[in-house]
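Asker: Here's my sequence, what's the structure:
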Amino acid sequence: MPDVRSLASLTTFLRALAASATLLATGALHAQALPPGVRLGMTAEELQAALPAAERVQRPQRLGGGLVGNWRAAPVEMAGLLFEPTFFFAASELRRVEYVAAAQATPDNGAAAFAALVQWGRGAFGNELASRDPGSAYAAWVSNDTDVYVQQVSDPRRASVRLVYKARQLRDGSEL
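Answerer: Residues are numbered from 1 along each chain as shown. Sure, this is the predicted structure:
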């Protein structure tokens, strides 16, 4: 006959584990959405109105296509890592929001956070387009006029996890 106390302890443990997983998943799911009031295509003034604590970056990041990451907001915890959001503008419009977390201090170089974000993406956007190389992993989705992707770089010296929302740019095949 099974020990009733062992079964009760096991049941209590499993309930606590399930509750913890639910809280962790809920916190991770909430954080991946763009901040309230923020949308791609808005101006810097609209970003400031939506995120009054956002501040200009002293040394803006520059990307192709004229993108300049010249605004940042307070770090956000997602999937167990602290992500720093940067807002990229081109032609006076918000075109890209990038969340980046350093992961070299984690034993798995951010693999668990990447897996949690991919799981979130599947729930939010459906199946992903994915790739995996020896030093990185990538998962991407399309949602209306927005491309969303998650990337993990697992090099121990510069391990990181990145979540990016960017304005979808369709190209004519003749331009390629």
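
Asker: Please, where are all the helices along the chain?
Answerer: Under the criterion DSSP state H, the chain contains helices at 4-32, 44-50, 111-125.

Asker: What values do phi and psi take at the closest residue to residue 144 other than its chain neighbours?
Answerer: Ranked by CB to CB, 6 or more residues apart in numbering and with sequence neighbours excluded, the top spatial neighbour of residue 144 is residue 168, at 7.8 Å. In this view, the C-beta of every residue, glycine as well, is placed from N, C-alpha and C. Listed backbone geometry of residue 168 is phi -70, psi 130, with angles given as degrees, to the nearest 10.

Asker: In this model residue 141 seems to touch residue 168, though I could be wrong.
Answerer: No - counting by CB atoms under 8 Å, residue 168 stays clear of residue 141, with 10.9 Å between them.

Asker: Pull up the overlap in contacts between those two.
Answerer: The contact sets of residue 168 and residue 141 overlap at residue 147 (CB atoms under 8 Å, 6 or more residues apart in numbering).

Asker: who's more crowded, the two?
Answerer: Comparing residue 168 with residue 141 by neighbour count (other CB atoms under 10 Å), the higher total belongs to residue 141, at 18 against 12.

Asker: and the spatially most central residue of the chain, how far is that from residue 83?
Answerer: Centroid-nearest residue in the chain, with CA atoms, centre = their mean: residue 163, separated by 3.0 Å. When CB to CB, to the nearest Å is the yardstick, residue 163 and residue 83 sit 7 Å from each other.

Asker: Quick check: neighbours shared by those two?
Answerer: Both residue 163 and residue 83 are contacted by residue 99, under the criterion CB under 8 Å, 6+ apart.

Asker: What segments of this structure are strands?
Answerer: Counting by DSSP state E, the chain has strands at residues 55-62, 68-72, 76-78, 81-90, 93-102, 129-133, 136-143, 146-153, 160-167.

Asker: now the ones you listed in JSON lines, with mean pLDDT and distance to residue 45?
Answerer: As requested, the strands of the chain are arranged in JSON lines below (pLDDT from 0 to 100; distance: least, CB to CB, whole Å):
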{"stretch": "strand 55-62", "mean pLDDT": "95", "distance to residue 45": "13"}
{"stretch": "strand 68-72", "mean pLDDT": "97", "distance to residue 45": "11"}
{"stretch": "strand 76-78", "mean pLDDT": "94", "distance to residue 45": "22"}
{"stretch": "strand 81-90", "mean pLDDT": "97", "distance to residue 45": "11"}
{"stretch": "strand 93-102", "mean pLDDT": "97", "distance to residue 45": "11"}
{"stretch": "strand 129-133", "mean pLDDT": "94", "distance to residue 45": "35"}
{"stretch": "strand 136-143", "mean pLDDT": "95", "distance to residue 45": "26"}
{"stretch": "strand 146-153", "mean pLDDT": "96", "distance to residue 45": "21"}
{"stretch": "strand 160-167", "mean pLDDT": "96", "distance to residue 45": "18"}
